[in-house]
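Student: here is the input, now give the coordinates:
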Amino acid sequence: MSSKRPSDGSGASEKKIQRKSISLERKIEIIKRVEAGETKSEVARSFGLAQSTLKSILNQADRVKASVHNSSNLTAAKVTRIRSSVMEKMENMLSVWVDNMIQHNMPLSQALIMQKALSLFDHLKAQAGEESSKTFVASRGWFEKFKKRNKISNIRILGESASADIKAAAEFPAALKAVIERGKYSPNLVFNVSETALFWKRLPSRALSEEEKDAADLKAVKDRLTVVLGSNASGNIKLKPLVVYHSETPKHMRGFSKLTLPVIWKSNKKAWVTTDMVNDWIVNHFCPVVQCYCTEYGFKPKALLILDSSMGNLSNFDSLQTCIPLEVLFFPPNTASLLQPLDQGVFAVFKAYYLRCMFSQILEVNRNNKQFSVREIWKDYNIMKAIDNVKISWAEVNSHYLSSVWRKVWPDLENDFFEVESEILAIATEVEHLAKLLGFEEVTLDDVQELLDNSGDTSNEDPQGFPEEKVESKDDEKEPAPERILTTKVLSDCLAEISHALEVLSENDPDCERSCSVKRTVLQAMDCYSEMLQDRKKACPANLEVFLEKPNPQPQESQSGSSANLCNS
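Tutor: Below is the predicted model of the structure:
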């Protein structure tokens, strides 16, 4: 047998054939031109393809069209085969999910995206039935190809947007360090404050039946609050939340003094934070709080406040008369998502705590009042309860979280790393469990995660479809709210009833230590009302004695009643 002649490498046939990458966009164009009547040879020649390649594309025309229908990226390379429709749909949905996460500054990582991909694939495969029998493992190789196909880069950066100025973000930490060294600011005196949108009354879509979704009071609620949160770099002081709502006095807030709310309450037609609000907050809230903090811990009263550029500019603060020396520094435009500490996971954890708090309260009411359905309980969830939950959720964010998120903007600051993704996953799992306890068996972890993903939507749509907290008209806002008056009689009767109830508990509870502890705690909590009653007695003791102790005939009762009203006035 003769041996093969060695190749000299000069012939064209000896060159390695390079496979061409043909996108879905080009494949569908080829199919359309052939279907329009062009000859196959003309089409192959215009695209520089072999007849065999053209024939393979035409043989797969139906699959190509299905792939185009399901794909989110027509320019993605499809070289050797058309993937299953389940894979195409999964990547399309995953791409939309990733974009949504980035837009709302939600934390992303390779592990989180791969987990979401597996979840979507299993869901779509179950819907497709036996038509899709292929398995999917979400390997690292698939992840890298998915990023290239969808042009996703820097996936591990929390909340990074496509418009982020990476160069300016890289330069800012050095500028901040110079300011800190010049002003000799300790981490206790460097503060970051930012705003985020919160849909305060929203449940997972599958938590409600189809009939309930159609009800006017159970439509997907679009009502939102803008919440402004802030803390110092050491995390040992959290500022009182500033809440901006579209109505000055919502229905359930009428008659309450806004000064007694656990938040700073402001209103704006679009629920936006305005420059005037920021100025007022700095002068009347931020600086006095920092001054008290410095006095208590022996610091020189001063502060460095770092804000997002959307909250104003230096000219707005130059003329402010503050009680302490204040220096304001702004993040460069389009860098907050890369640098701002609160955007590095604090907002996400806060909203997860809020969701868990809301579900826990619904479950507690449902257990204590079986006659009320979950639908009725959720309908009764109003803006006042939301404000209380904002306070509770912000209190749950501990100092460890608040200090660890400064590492990007202040690398020299010594702090521990906080794994925000694992914390959010743990809370979402807990919410899923609470939902199932309420009877929402169809709610999954993905539904909860989707709700968290959308909880920061900053769209400017006016609330629709929920009569409880609708945007009030100008006439409604001008209508004076009924004044709440704590009369002396109501105060005295309430204290007497509470005292009587405590005595009944003490007489019947076999655990004396427990009843004494409860009695002591309740009486201490009621001290403010007891002192109020004593002050009123001192102010007009004779009239109070007539009103409270002597059941006089009718004419004298009316006289004493007028005396009591006079005292209250």
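
Student: from here on, contacts and neighbour counts on C-alpha atoms
Tutor: OK.

Student: tell me, how many residues neighbour Ala496?
Tutor: Ala496 has 12 neighbours, counted by other Cα atoms under 10 Å.

Student: which SS state does it fall under?
Tutor: helix (DSSP: H, G, I helix; E, B strand; the rest coil).

Student: quickly note the distance from it to Leu239.
Tutor: According to Cα to Cα, to the nearest Å, Ala496 stands 38 Å off from Leu239.

Student: with Cys516 instead?
Tutor: Between Cys516 and Leu239 the computed distance is 36 Å (Cα to Cα).

Student: domains in this protein, as residue ranges please.
Tutor: The chain breaks down by automatic domain parsing into domains covering 24-150, 166-459, 488-568.

Student: what does the average pLDDT come to for the first one?
Tutor: The one in question is domain 24-150. Taken as a whole, domain 24-150 has a mean pLDDT of 74.

Student: ditto for the second one
Tutor: Mean pLDDT, domain 166-459: 84.

Student: quick one: the strands in the stretch 51-200 of the chain?
Tutor: For the stretch 51-200 of the chain, the strands defined by DSSP state E, counting those that start in this stretch cover 190-198.

Student: still on that earlier bit, of Cys516 and Leu239, give the one with the bigger neighbour count.
Tutor: Leu239 (19 against 16).

Student: I'd like the distance between the more buried one and Arg149.
Tutor: 44 Å.

Student: cool, and Ser186?
Tutor: Plainly put, Ser186 is 46 Å away from Arg149 if you go by Cα to Cα.

Student: again with Leu523
Tutor: 67 Å.

Student: ok so, going back, deepest of the domains of the chain, which one?
Tutor: Stretch with highest mean neighbour count among the domains of the chain: domain 166-459 (a mean of 18; mean count of other Cα atoms under 10 Å).

Student: next up, phi/psi of Met526, please.
Tutor: phi -90, psi 0 (degrees, to the nearest 10).

Student: again with Arg224
Tutor: phi -140, psi 160.

Student: I'd guessed it sits against Phe199; true?
Tutor: Yes. Counting by Cα atoms under 8 Å, Arg224 touches Phe199, with 4.3 Å between them.

Student: can you map out the helices along the stretch 1-150 of the chain?
Tutor: Using DSSP state H, counting those that start in this stretch, the helices assigned to the stretch 1-150 of the chain run over residues 24-35, 40-47, 51-59, 61-70, 85-103, 110-128, 140-150.

Student: Cys528 is nearest to which of the ones you listed?
Tutor: helix 85-103 (47.4 Å; Cα to Cα).

Student: the helices in the stretch 251-400 of the chain, which residues?
Tutor: Under DSSP H, counting those that start in this stretch, the stretch 251-400 of the chain gives helices at 275-281, 287-297, 314-317, 336-339, 346-368, 374-379, 383-396, 399-404.

Student: Val504 is nearest to which of those?
Tutor: That would be helix 346-368 among those, by Cα to Cα, at 22.3 Å.

Student: the closest one vs helix 383-396, what angle?
Tutor: 120 degrees (axes from the mean of the first three to the mean of the last three Cα atoms, to 10 degrees).

Student: and Ile282, what does it touch?
Tutor: Thr322 (Cα atoms under 8 Å, 6 or more residues apart in numbering).

Student: repeat that for the one 5 residues further on.
Tutor: Contacts for Cys287 (Cα under 8 Å, 6+ apart) come out as 322-324, 326.

Student: dump the residues you listed to a markdown table, plus distance to Cys292.
Tutor: A markdown table is the format used below for those (distance: Cα to Cα, whole Å):
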| residue | distance to Cys292 |
| --- | --- |
| Thr322 | 13 |
| Cys323 | 11 |
| Ile324 | 10 |
| Leu326 | 14 |
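
Student: of all the residues you listed, which two lie farthest apart?
Tutor: Cys323 and Leu326 (8.7 Å).

Student: circling back: so which of the helices of the stretch 251-400 of the chain is nearest Asn232?
Tutor: helix 399-404 (7.8 Å).

Student: helices or strands next to the closest one in the packing?
Tutor: Counting contacts by 3 or more Cα pairs under 8 Å, 6 or more residues apart in numbering; DSSP states H and E, helix 399-404 is packed against strand 225-232.

Student: C-terminal to the strand it packs on, what's the next element?
Tutor: strand 242-245 (DSSP states H and E).

Student: ok now that following strand, how far from the chain's centre?
Tutor: 14 Å (Cα atoms, centre = their mean, to the nearest Å).

Student: again with stretch 180-194
Tutor: For stretch 180-194, the distance to the chain centre is 26 Å (Cα atoms, centre = their mean).

Student: with stretch 305-313 instead?
Tutor: Mean-position distance between stretch 305-313 and its chain equals 20 Å (Cα atoms, centre = their mean).

Student: CA atoms of it as CSV?
Tutor: What follows is stretch 305-313, C-alpha atoms only, in CSV (Å, rounded to 0.1, in the frame of the first residue of the first chain):
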residue,chain,number,x,y,z
LEU,A,305,-23.0,64.6,54.3
ILE,A,306,-22.7,62.6,51.0
LEU,A,307,-25.7,62.8,48.7
ASP,A,308,-26.7,61.7,45.3
SER,A,309,-26.5,64.4,42.7
SER,A,310,-30.3,64.1,42.1
MET,A,311,-31.0,65.5,45.5
GLY,A,312,-29.7,68.9,44.8
ASN,A,313,-26.4,70.8,44.3
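
Student: need the contact partners of it.
Tutor: By Cα under 8 Å, 6+ apart, the list of residues contacting stretch 305-313 reads 190-194, 273-275, 278, 326-333, 336, 340.

Student: try it again with 6 Å
Tutor: 191-193, 328-331 (Cα atoms under 6 Å, 6 or more residues apart in numbering).

Student: for those, which one is nearest Glu450?
Tutor: Val193 (26.3 Å).

Student: contacting residues for the nearest residue to the closest one once chain neighbours are set aside?
Tutor: Of all residues not flanking Val193 in the chain, Gly230 sits nearest, at 4.1 Å (Cα to Cα, 6 or more residues apart in numbering). Residues near Gly230 by Cα under 6 Å, 6+ apart: 192-193, 239.

Student: make a markdown table from those residues and add distance to Glu35 to it.
Tutor: A markdown table is the format used below for the contacts of Gly230 (distance: Cα to Cα, whole Å):
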| residue | distance to Glu35 |
| --- | --- |
| Asn192 | 62 |
| Val193 | 60 |
| Leu239 | 67 |
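
Student: looking at the residues you listed, which one is closest to Met93?
Tutor: Val193 (34.0 Å).

Student: for that closest one, list each beta-bridge partner.
Tutor: For Val193, the beta-bridge partners under DSSP bridges are Gly230, Leu307.
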